[in-house]
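Visitor: Pasting the sequence and the predicted coordinates here, then a few questions.
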Amino acid sequence: MKDLPGTHIVLRSRPGEDFPSDTAVIEAAQAAAYYSRSTVLEEHSNVVSVNEPGNVKVEVDYCQISHIKKMPKAKPGMVIYDQHYSIVVE
């Protein structure tokens, strides 16, 4: 999720395509939001809205894998990225 530690999901695109389908990106973003640190979700500034308990809309960043770099001397899984897009999912 945007500006939070969380789940990383890697999608493969078809040859000749830069990104997987929109549906695949949305489903992957929903899974990343679901499996990320949900205890932080409701208190973080990137939470767009809370409609009902358990129904939270969050902003998730995504980019091509070539724009992801491991942070020097960081714990496993800590990365930095650039040239990204954001999507809001439930």
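Guide: Okay, I see it.

Visitor: From here on, just use CA atoms for contacts and neighbour counts.
Guide: Will do.

Visitor: Check the chain for its longest helix and report it.
Guide: The single longest helix within the chain, with elements called by DSSP state H, is helix 22-35.

Visitor: which other residues reach that helix?
Guide: 1, 6-9, 11, 58, 60, 87, 89-90 (CA atoms under 8 Å, 6 or more residues apart in numbering).

Visitor: Could you identify the buried members of those residues?
Guide: 1, 6, 8, 58, 60, 89-90 (16 or more other CA atoms under 10 Å).

Visitor: Lowest mean pLDDT among the helices and strands of the chain, which one is it?
Guide: The least trusted helix or strand in the chain, going by mean pLDDT, DSSP states H and E, turns out to be helix 38-41, with a mean of 48.

Visitor: Figure out how far the helix or strand that Val58 is a member of is from the centre of its chain.
Guide: Val58 belongs to strand 55-62 when assigned by DSSP states H and E. Strand 55-62 sits 7 Å away from the centroid of its parent chain (CA atoms, centre = their mean, to the nearest Å).

Visitor: And for stretch 15-28?
Guide: The answer for stretch 15-28 is 14 Å, by CA atoms, centre = their mean.

Visitor: Check stretch 5-13 too.
Guide: Counting by CA atoms, centre = their mean, stretch 5-13 is centred 7 Å from the centre of its parent chain.

Visitor: List the buried residues of the longest helix of the chain.
Guide: Residues 25-26, 28-34 are the ones in helix 22-35 that count as buried (16+ other CA under 10 Å).

Visitor: Let me know the average pLDDT across the strand holding Val58.
Guide: The pLDDT scores in strand 55-62 average 83.

Visitor: could you dump it to CSV, C-alpha only?
Guide: Extracted in CSV, the C-alpha atoms of strand 55-62 (Å, rounded to 0.1, in the frame of the first residue of the first chain):
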residue,chain,number,x,y,z
ASN,A,55,-14.9,-2.3,4.2
VAL,A,56,-11.9,0.0,3.8
LYS,A,57,-10.8,1.8,0.6
VAL,A,58,-7.0,2.2,0.3
GLU,A,59,-4.5,3.5,-2.2
VAL,A,60,-2.1,0.9,-3.6
ASP,A,61,1.0,1.7,-5.7
TYR,A,62,2.1,-0.4,-8.7
